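1. below: sequence and its predicted model.
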Amino acid sequence: MTITAEQIKFRKGKIGASSMAQAVGYGYGGKTRAALFHSMKGNTQPDPESIAMRVGNFMEAFILDEYNRSTDRGGIEYPQTQVHSDEPRLICHCDGITTKTTTPRLIEIKNVGPHMKDAWRDGVPKYVHIQACGQSMLTEIERVDVVAYFGGSDLKVYELQFTPLDHAMLYDNLKDFLAYLDKDEEPPHVQADLPMLAAYFGYKDEAIEADDTIIADAVLLAKLKRDSKVCTTDKLATDELEYRIKEYMQDKAYLINKEGVPLFTWKQGKEKTTIDWEAVARKLWITGHTNNFNDPEWLSACQSNTTTKSGSRSFLCKIKGVNHG
């Protein structure tokens with residue numbers, strides 16, 4: 001619902017659910033990751049409150065009431081701000097939650113103005129879908145009702161459901177953005193090939209479900225890796241377990257259990273491109289060309305002395321609360 005002054009102050013330097021799409025490269029209306037980076041760094045002024053924002057806040061109570069009339073799900077205003085247990089810079093202010101459903105459902109309210117209708121032509125826009133996934137991740141509530149009011153008698157309820165794998169994929173990509181903040185390095189304007197919410201965005205399957213043997217191997221490996229006193233024998237055991245799990249995963253990025261909860265990730269790192277500037281300068285000197293950016297010979301020299309190396313795959317444990325016994 002309406003965000004209070006205290007909540008606005010609290011969210012400074014943090015990523016709220018409404019900004020998560022922008023952080024992972026799906027910002028609406030040209031909002032880039034770089035723009036969010038500078039906003040969080042305090043390098044730019046926040047957007048001033050507009051009439052559309054004030055109308056949206058005013059309409060939320062009315063839309064929630066109409067949602068209850070049409071669904072009888074007992075929606076009420078969500079009581080507090082949620083903060084991620086492992087990364088306190090990830091927060092959300094949910095609009096509402098149901099009280100009459102078997103399991104609770106989050107409610108995200110959208111007052112869709114005339115200039116925004118096209119974005120909803122094919123259903124919930126990607127940036128809203130990611131916002132709802134972020135809320136689901138932070139509250140650990142898998143179902144979210146996106147309630148969109150288009151004016152007149154046109155009210156639509158879109159029922160979304162998210163899995164632990166969806167949460168893990170979103171979290172990993174948000175952490176990637178936060179790493180740029182920590183390094184004080186502006187992120188690329190677009191994050192290409194984002195492997196998240198695969199079913200919704202049409203990406204290839206990034207996960208493989210572990211069988212009982214691999215689950216046992218994964219739990220044992222997690223215990224050994226988290227033991228601060230690993231002996232030589234344990235090191236040999238961890239190497240063998242890691243080898244077996246990687247052989248099972250092949251080219252998949254996520255190893256999940258039967259409930260879809262990630263156990264290990266083995267993700268491909270970003271490619272690294274380097275230019276041998278010494279070789280470029282030598283070639284230009286020999287041919288008598290200058291370092292004019294528009295000179296075809298200069299471009300050819302750069303291209304012929306550029307190498308791209310594939311990023312290494314990073315193998316990480318995602319199992320929490322392992323009993324060290």
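-> Looks like it arrived, so ask away.
2. domain ranges for the chain?
-> The chain breaks down into these domains under automatic domain parsing: 5-168, 272-309.
3. out of these, which is closest to residue 251?
-> domain 5-168 (16.5 Å; CB to CB). Placement of C-beta: from N, CA and C, glycine included.
4. neighbours of the residue nearest to residue 254 when sequence neighbours are not counted, how many?
-> Leaving aside its chain neighbours, residue 254 sits nearest to residue 207 (3.8 Å; criterion: CB to CB, 6 or more residues apart in numbering). Residue 207 has 20 neighbours, counted by other CB atoms under 10 Å.
5. on the pLDDT front, check residue 207 for me.
-> If you check residue 207, the pLDDT there is 82.
6. separation between it and residue 133?
-> In this view, residue 207 and residue 133 are 16 Å apart by CB to CB, to the nearest Å.
7. same deal with residue 254?
-> Distance from residue 254 to residue 133, by CB to CB: 15 Å.
8. picking that back up, most tightly surrounded among the domains of the chain?
-> When those are scored by mean count of other CB atoms under 10 Å, the highest mean neighbour count falls to domain 5-168 (a mean of 17).
9. ok, back up a step: please state the backbone phi and psi of the residue nearest to residue 254?
-> Note on residue 207: its backbone torsions stand at phi -120, psi 160 [degrees, to the nearest 10].
10. one more: residue 75?
-> phi -70, psi 130.
11. wait, doesn't it sit right on residue 108?
-> No: under the criterion of CB atoms under 8 Å, residue 75 makes no contact with residue 108, lying 10.9 Å away.
12. which residues do these two both contact?
-> Common neighbours of residue 75 and residue 108 are listed as residue 145 (criterion: CB atoms under 8 Å, 6 or more residues apart in numbering).
13. before we move on, the earlier item: and the residue nearest to residue 254, what does it touch?
-> 165, 252, 253, 254, 255, 256, 260, 262.
14. how does it look with 6 Å?
-> 165, 254, 256 (CB atoms under 6 Å, 6 or more residues apart in numbering).
15. report how many residues lie close to residue 174.
-> Residue 174 - counted by other CB under 10 Å - has 23 other residues nearby.
16. mind checking which helix or strand it is in?
-> Element membership of residue 174, judged by DSSP states H and E, is helix 164-183.
17. can I get the CA coordinates of that helix in PDB?
-> Below are the C-alpha coordinates for helix 164-183, written out as PDB (Å, rounded to 0.1, in the frame of the first residue of the first chain):
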ATOM      1  CA  PRO A 164      12.600 -21.800  -4.800                       C
ATOM      2  CA  LEU A 165      14.500 -22.000  -8.100                       C
ATOM      3  CA  ASP A 166      12.900 -18.800  -9.300                       C
ATOM      4  CA  HIS A 167      13.900 -17.200  -6.100                       C
ATOM      5  CA  ALA A 168      17.500 -18.500  -6.300                       C
ATOM      6  CA  MET A 169      17.900 -17.300  -9.900                       C
ATOM      7  CA  LEU A 170      16.600 -13.800  -9.100                       C
ATOM      8  CA  TYR A 171      18.800 -13.600  -5.900                       C
ATOM      9  CA  ASP A 172      21.900 -14.600  -7.800                       C
ATOM     10  CA  ASN A 173      21.300 -11.900 -10.500                       C
ATOM     11  CA  LEU A 174      20.600  -9.300  -7.800                       C
ATOM     12  CA  LYS A 175      23.800 -10.200  -6.000                       C
ATOM     13  CA  ASP A 176      25.600  -9.700  -9.400                       C
ATOM     14  CA  PHE A 177      24.300  -6.100  -9.500                       C
ATOM     15  CA  LEU A 178      25.200  -5.500  -5.900                       C
ATOM     16  CA  ALA A 179      28.700  -6.600  -6.600                       C
ATOM     17  CA  TYR A 180      29.100  -3.600  -9.000                       C
ATOM     18  CA  LEU A 181      28.000  -1.400  -6.100                       C
ATOM     19  CA  ASP A 182      30.600  -2.900  -3.800                       C
ATOM     20  CA  LYS A 183      33.300  -2.400  -6.400                       C
END
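18. fine by me, we can end here.
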